[in-house]
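Novice: how would this look folded up:
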Amino acid sequence: MTDLAIAATGLRKSYGDKTVLDGVDLAVPEGTIFSLLGPNGAGKTTVVKILSTLIGADAGEIRVGGHDLAAHPQAVRAGIGVTGQFSAVDGLITGEENMLLMADLHHLPKAEGRRVAAELLERFDLADAAKKPASTYSGGMKRRLDIAMTLVGDPRIIFLDEPTTGLDPRSRHTMWQIIRELVTGGVTVFLTTQYLEEADELADRIAVLDDGRIAAEGTAEQLKRLVPGGHVRLRFTDPAAYRRAASALHHEVTRDDTALVLHVPSDGSQRELRLLLDRLDASGIEADELTVHTPDLDDVFFALTGGTRRTVQPEEAAR
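Specialist: Numbers count the residues shown, from 1 in each chain. Now for the predicted structure:
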């Protein structure tokens with residue numbers, strides 16, 4: 001069984017009468033990307049702050065990197081890195097000086113600090129700008145420097161709180177590649193984001209946080225199957241074949257007689273597709289085009305956040 005980099009049970013946090021987290025459970029396997037999705041105010045940043053020891057929880061059992069967070073916060077801090085929503089880069093000094101400052105904070109010897117700083121600046125394509133004030137860097141360069149600074153202490157768990165907010169599409173894709181490379185190197189990434197495409201592209205598992213609770217959790221594909229609307233689109237060029245198919249599937253399909261298209265409800269699974277094709281084959285019917293349409297994370301997000309929430313257990317999401 002895969003070891004957990006992060007495990008939290010019954011996580012609770014309130015500010016006065018406002019309950020921000022109301023019994024959150026999290027399990028993040030080592031060497032994976034775990035994404036926490038949710039609207040503004042859902043509690044994503046509060047989760048990151050608690051797990052990274054920046055604030056305390058009101059209740060809950062938490063282990064990060066194998067350490068009990070309440071009993072051994074220093075051990076937790078020694079093994080993690082945090083890149084927050086807002087840049088930690090000091091614009092008044094150079095990129096290299098920012099890196100060396102982090103090396104000093106980690107108590108690295110001078111020579112080792114310079115070596116680590118140079119390697120990370122090269123790795124993040126910042127070597128040519130190393131001697132320039134960070135205030136002259138583009139948004140994408142500053143975010144790359146942010147993550148490079150986070151890696152100075154060689155953390156095995158990294159918290160990235162909305163790391164691509166405000167970046168242009170090219171810079172976002174560059175950041176995605178950096179995150180993938182981190183995980184390839186064995187790092188665990190805990191990612192919060194409002195970009196559904198980002199979670200879909202990167203995350204091994206996704207949890208949807210709404211109103212202080214986990215509304216659903218699973219892989220992107222598992223979450224998409226929770227939302228109605230998936231279907232198989234069958235297109236025909238032969239009107240006779242179209243009519244035979246509509247007759248064979250008449251209880252289940254939505255028809256478009258003008259386009260000769262049938263929509264058959266489906267979750268897109270291999271099993272359902274096989275059953276559909278077997279039924280068509282048994283009737284001697286062949287569609288000219290078959291495409292599978294499943295709800296995307298936008299549909300999941302809007303269905304599970306705001307309004308009436310349907311809490312989905314992990315074992316249900318896995319089906």
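
Novice: where's residue 200, which helix or strand?
Specialist: Here residue 200 sits within helix 196-202, counting by DSSP states H and E.

Novice: ok, residues contacting that helix?
Specialist: Contact partners of helix 196-202, identified using Cβ atoms under 8 Å, 6 or more residues apart in numbering, comprise 33, 35, 37, 164, 172, 176, 179-180, 189, 191, 193, 206, 220, 296-298, 300-301. From N, CA and C alone the C-beta is placed, and that goes for glycine too.

Novice: the residues you listed in strands, which ones?
Specialist: 33, 35, 37, 189, 191, 193, 206 (DSSP state E).

Novice: from those residues, which shows the smallest pLDDT?
Specialist: Least confident by pLDDT among the ones in strands among the contacts of helix 196-202: that is residue 193, with 87.

Novice: go through stretch 56-74 and flag the buried ones.
Specialist: 57, 60, 62, 63, 64, 65, 67, 69, 72 (16 or more other Cβ atoms under 10 Å).

Novice: give me the distance between the two termini of that stretch.
Specialist: By Cα to Cα, to the nearest Å, the extent of stretch 56-74 from end to end equals 14 Å.

Novice: same check on stretch 196-211?
Specialist: Stretch 196-211: ends 18 Å apart by Cα to Cα.

Novice: list the buried ones in that stretch?
Specialist: Buried-residue list, stretch 196-211, by 16+ other Cβ under 10 Å: 196, 198-203, 205-211.

Novice: do stretch 102-112 as well
Specialist: Neighbour count says stretch 102-112 has 102, 103, 108 buried, by 16+ other Cβ under 10 Å.

Novice: pull up the distance across it, start to finish.
Specialist: 12 Å.

Novice: residues in contact with it?
Specialist: Residues contacting stretch 102-112 (Cβ under 8 Å, 6+ apart): 113, 114, 116, 117, 149, 152, 153.

Novice: swap in stretch 4-17?
Specialist: 19-32, 34, 43, 46-47, 50-51, 55, 57-65, 156-157, 188, 190.

Novice: now residue 207: how far from residue 182?
Specialist: From residue 207 across to residue 182, the span is 20 Å (Cβ to Cβ, to the nearest Å).

Novice: could you dump the lengthiest helix in the chain to PDB, C-alpha only?
Specialist: For the chain, the helix that runs over the most residues, judged by DSSP state H, is helix 169-184. Taking C-alpha atoms only, helix 169-184 is exported to PDB below (Å, rounded to 0.1, in the frame of the first residue of the first chain):
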ATOM      1  CA  PRO A 169      -1.300  30.700 -21.000                       C
ATOM      2  CA  ARG A 170       2.300  30.100 -22.100                       C
ATOM      3  CA  SER A 171       3.600  30.700 -18.500                       C
ATOM      4  CA  ARG A 172       0.900  28.500 -17.100                       C
ATOM      5  CA  HIS A 173       1.900  25.600 -19.400                       C
ATOM      6  CA  THR A 174       5.600  26.100 -18.400                       C
ATOM      7  CA  MET A 175       4.600  25.900 -14.700                       C
ATOM      8  CA  TRP A 176       2.600  22.700 -15.400                       C
ATOM      9  CA  GLN A 177       5.700  21.100 -16.900                       C
ATOM     10  CA  ILE A 178       7.800  22.200 -13.800                       C
ATOM     11  CA  ILE A 179       5.200  20.600 -11.500                       C
ATOM     12  CA  ARG A 180       5.200  17.400 -13.500                       C
ATOM     13  CA  GLU A 181       9.000  17.200 -13.300                       C
ATOM     14  CA  LEU A 182       8.900  17.700  -9.500                       C
ATOM     15  CA  VAL A 183       6.700  14.700  -9.100                       C
ATOM     16  CA  THR A 184       8.800  12.700 -11.500                       C
END
